[in-house]
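**Q** Output the structure for:
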Amino acid sequence: MAAFDLKGLGVAMITPFRQDKSVDFNALENIIEHLVKSKVDYIVVLGTTGETPSLFPEEKQEIRRFVIEKVRSRVPLVLGLGGNNTMSLVRELKEEDLKGFSAILSVVPYYNKPSQEGIFQHYKAIAEASPLPVILYNVPGRTGVNMTAATTLRIARNVKNVIGIKEASGNFCQIEEIIKNKPESFQVVSGDDSITYPLMTLGAVGVISVIGNAFPAEFGKMVRLCLEGNYKDALPIHFEFTELFNLLFVDGNPAGVKCTLNAMGMIENELRLPLVPTRLSTNEEIHKITAKIIDRSNHRTED
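**A** Residues are numbered from 1 along each chain as shown. Purely as a prediction, here's the structure:
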């Protein structure tokens, strides 16, 4: 099994839609090229930001094939593959063709509200079934249950095929405990753009980003500077995005980043129900701040 490195900027890629709500593959290809040319470190396909719960099974398969074909191995791909039915997920991991992907990102089981023991046994089962390395994904704001630091560390120490975690609990004490006590080979990445900078000063190795859909070069520069230990030069870039961080999530994800990409002329501002676009006030603010960031970026390029 090939190793996979979580260091750097990973991008949780959106799924663009046309006005009739069909998948916009032309826009998707443009986003792929935008990310590849900006030298992101890897792309996460069919994660939460991709509105996976609102996609039909045949659409997921088509998106997988399309992304693999268009990326052409230029950037590693991670497949979002999680669920709250462990047996079904195990069967899918054993039967699906996962060629073209380097790892899977698998969320803590949602809705069922499993115990910490249940979470451990769930990940143990899927790690044993998976032909690819497994990245844990803790996002209690969506799943309804938090995977504790103790459970994460237990998995990291005892389940060989698990290589790291996307931590989106927002709990600094919890994440710091994981970073402090984890095995050396186990990698921690931020699951929240807004706290990537402080988490990397603690020892996180990168981020699986939402804002990276729109600004992969700029946000990626901050991540690389942090990896080099150059926190002084990384901090102004972090501050440059502070306003946008909050706006991207005030009306839910991926509504905010889709609004940003629409402001950049890259996609239609379309989501599938039950998700809806940002409110008019949020939309206007995102357009203003996006224009400012693009203008500053253009000035730096000219200089």
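
**Q** give me phi/psi at the closest residue in space to residue 21 that isn't next to it in sequence?
**A** Spatial nearest neighbour of residue 21, chain neighbours left out: residue 272 (5.7 Å); criterion: CB to CB, 6 or more residues apart in numbering. Where C-beta positions appear, they are placed from N, C-alpha and C, glycine not excepted. Residue 272 adopts backbone torsions of phi -100, psi 140, taken as degrees, to the nearest 10.

**Q** tell me the contacts of residue 272?
**A** Neighbouring residues of residue 272 by CB atoms under 8 Å, 6 or more residues apart in numbering: 17, 21, 51, 54, 55.

**Q** go again using 6 Å as the cut-off
**A** Each residue near residue 272 by CB atoms under 6 Å, 6 or more residues apart in numbering is listed here: 21, 51, 54.

**Q** Closest one of the residues you listed to residue 111?
**A** Closest to residue 111 out of the contacts of residue 272 is residue 54 (16.0 Å), distances taken as CB to CB.

**Q** What distance do you get for residue 86 to residue 115?
**A** 13 Å (CB to CB, to the nearest Å).

**Q** Look at those two and report which has more neighbours.
**A** The neighbour comparison of residue 86 against residue 115 (other CB atoms under 10 Å) goes to residue 86, with 19 against 11.

**Q** show me where the stretch 151-300 of the chain has helices.
**A** Using DSSP state H, counting those that start in this stretch, the helices of the stretch 151-300 of the chain run over residues 172-181, 196-202, 216-227, 231-240, 242-250, 255-263, 280-302.

**Q** which of the ones you listed sits most buried?
**A** Across the helices of the stretch 151-300 of the chain, averaging neighbours per residue (mean count of other CB atoms under 10 Å) puts helix 255-263 on top, at a mean of 25.

**Q** which stretches of this structure form strands?
**A** 8-12, 42-45, 77-80, 103-107, 134-138, 162-167, 187-190, 206-209 (DSSP state E).

**Q** need the ones you listed in a markdown table with mean pLDDT, can you?
**A** What follows is the strands of the chain, written out as a markdown table (pLDDT from 0 to 100):
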| stretch | mean pLDDT |
| --- | --- |
| strand 8-12 | 98 |
| strand 42-45 | 98 |
| strand 77-80 | 98 |
| strand 103-107 | 98 |
| strand 134-138 | 98 |
| strand 162-167 | 98 |
| strand 187-190 | 98 |
| strand 206-209 | 98 |
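
**Q** which of the ones you listed is buried the deepest?
**A** Mean neighbour counts were compared across the strands of the chain using mean count of other CB under 10 Å; the top stretch is strand 206-209, at a mean of 29.

**Q** Helix or strand with the lowest mean pLDDT in this protein?
**A** The least trusted helix or strand in the chain, going by mean pLDDT, DSSP states H and E, turns out to be helix 280-302, with a mean of 86.

**Q** I am finished for the moment; much appreciated.
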